[in-house]
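**Student:** Just a sequence and a predicted model for now, questions to come.
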Amino acid sequence: MLRRVPVWVWRTLMAVVGPKELVHLNENPLAGLVHHDDIDFVGDGIRAHRLDVIHPDRRRAGSESRPAATTSLPVYVYFHGGGWTSGDKASLTKYCATQALSGMVVVNVNYRMATRLNNMGHMLHDANAALAWVRANIARFGGDPDRIVLGGDSAGGQIASLLAATESQPKLASHFAIVPAVGADSIRGLVLHCSALDFSVNFRRGFVLSHNFIRMLIPGRGRYGADGLELSRAQRAGALRRAARFLSPIEWLDPKFPAVFISTSERDFFYGANLNFMARLRRHEVPVDSLVYAASNANTEHTWQQNYRYPESQEVYRRLQAFVQRVAAPHTALLPLPLPSLPSSLPSLPAPTSAIAA
């Protein structure tokens, strides 16, 4: 098992894997959908500020021009993963199309990656700008801007979670100079696949990612104090933990946090972080529905949900779509979810260990 992977190794690995995933994850495209690709949601022309909108083709049978007289659909805004250094919305096209086909408008978003110039603040500003675009424009595509569900995998799930937390945590919003683009009532839920939700696990001995993954996300790379002076080596260790708090969604949960659907696996290196996050959600009495697979399910490596071929992925999609339709239903109260239980080994391949919820 990998231990303390350096950032440069991760970037190299993703550069090799990325082009293959683009093809492999998008084979056999789905019919019955309309795609609007590469919309510039900032206006500066760079690919990092492009999004795709995918929605069901709602034209009446036998007519190529008349739109069906149906109500607006819930909006699922998705942020791809990639360790904050890599990835692109294009690899998630079929995943997003699958969700759109179930009856939602899906917005598949790019954002700036971590570099010497860009950090977590830039990513959150990009995500917030995408929400501002959704607020202003999504009705033209049949979506309801007051019925938004945010989603993401791995790093993308962390971005979605932090963005949701800024709605009720002014200290977090102020830290990143974020003015939320939509009201808290408009964000109805959150979908998280194998996401980086608790940065305390990054400090455990032998964790898969090096501490440089944290340093690259904070301004100044953790080398300087509030007075602008360079910190000593001993001071940096404490400063890094304090700075990581602003990256860690688990630190910003409260009873106002939106309902959550989480999918993870004992094979996922963020498994512990996901369990911690669920426990904290329950402490705040936030509704949470979860799908957790045991290590015996060989298909459930990190972010397996992107691969539509797996029975486990299809079960995630079924549960995800039911969750979105439930929490983003128009003008309905949120009903309680089933009581959670811990995962256990399973004899059959596609069956999840349990529906974990509170």
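**Tutor:** Thanks, I have it. Model, not experiment: these values are computed from the prediction.
**Student:** for residue 286, what are its contacts?
**Tutor:** The contact partners of residue 286, taken as CB atoms under 8 Å, 6 or more residues apart in numbering, are 253, 255, 257-260, 358. C-beta here means a position set from N, CA and C on the backbone, and glycine is covered the same way.
**Student:** Out of those residues, flag the one nearest to residue 92.
**Tutor:** Proximity of the contacts of residue 286 to residue 92 (CB to CB) peaks at residue 260, which lies at 19.6 Å.
**Student:** any idea how far residue 35 is from residue 127?
**Tutor:** 21 Å (CB to CB, to the nearest Å).
**Student:** Please identify which of these two sits among more neighbours.
**Tutor:** More crowded of residue 35 and residue 127, by other CB atoms under 10 Å: residue 127, with 25 against 16.
**Student:** The more buried one and residue 9: what is the separation?
**Tutor:** The value you get for residue 127 to residue 9, if CB to CB is used, is 26 Å.
**Student:** cool, and residue 245?
**Tutor:** 26 Å.
**Student:** likewise residue 18?
**Tutor:** Distance of residue 18 to residue 9, given as CB to CB: 15 Å.
**Student:** neighbour count winner among these two?
**Tutor:** Higher neighbour count among residue 18 and residue 9: residue 18, with 15 against 12, using other CB under 10 Å.
**Student:** For the more buried one, which residues are in contact?
**Tutor:** 82, 86-88, 91.
**Student:** Narrow these to just the buried residues.
**Tutor:** The neighbour-count criterion (16 or more other CB atoms under 10 Å) marks 82, 86-88, 91 among those as buried.
**Student:** which two from those residues end up farthest apart in space?
**Tutor:** 86 and 91 (10.1 Å).
**Student:** Give the helix, strand or coil label for residue 34.
**Tutor:** At residue 34, secondary structure determined by DSSP: H, G, I helix; E, B strand; the rest coil is strand.
**Student:** Count residues in the vicinity of it, would you?
**Tutor:** Neighbourhood size, residue 34 [other CB under 10 Å]: 15.
**Student:** ok, the residue nearest to it when sequence neighbours are not counted - how many residues close by?
**Tutor:** Spatial nearest neighbour of residue 34, excluding adjacent residues (CB to CB, 6 or more residues apart in numbering): residue 57 at 5.1 Å. Residue neighbour count, defined by other CB under 10 Å, stands at 12 for residue 57.
**Student:** Contact partners for residue 57?
**Tutor:** Listed by CB under 8 Å, 6+ apart, the contact set of residue 57 reads 32-34.
**Student:** cool, residue 124 as well?
**Tutor:** Residue 124 neighbours (CB under 8 Å, 6+ apart): 159, 162-163, 166, 176, 178.
**Student:** Who wins on neighbours among those residues?
**Tutor:** Counting neighbours by other CB under 10 Å, residue 163 leads those with 31 neighbours.
**Student:** Tell me which helix or strand it sits in.
**Tutor:** Here residue 163 is covered by helix 155-165, with elements defined by DSSP states H and E.
**Student:** Please spell out which residues along the following helix or strand past that helix are buried.
**Tutor:** Using DSSP H and E, the helix or strand that follows helix 155-165 in sequence is helix 170-175. By 16+ other CB under 10 Å, the buried positions in helix 170-175 come out as 172-173, 175.
**Student:** Test my guess that residue 93 contacts residue 53.
**Tutor:** No: Residue 93 is beyond contact range of residue 53, at 11.7 Å (criterion: CB atoms under 8 Å).
**Student:** Tell me which of the two has more neighbours.
**Tutor:** Neighbour tally, residue 93 and residue 53, criterion other CB under 10 Å: the higher count belongs to residue 53, 24 against 21.
**Student:** what residues are up against the more buried one?
**Tutor:** 35-36, 39, 105-108, 138, 141.
**Student:** what's the residue closest to the geometric middle of this protein?
**Tutor:** Centroid-nearest residue in the chain: residue 152, 1.7 Å away (criterion: CA atoms, centre = their mean).
**Student:** Neighbouring strands - and their directions - for the helix or strand it falls within?
**Tutor:** Take DSSP H and E as the rule and residue 152 turns out to sit in strand 143-153. For strand 143-153, the paired strands and their directions (DSSP bridges) are strand 73-79 (parallel), strand 187-193 (parallel).
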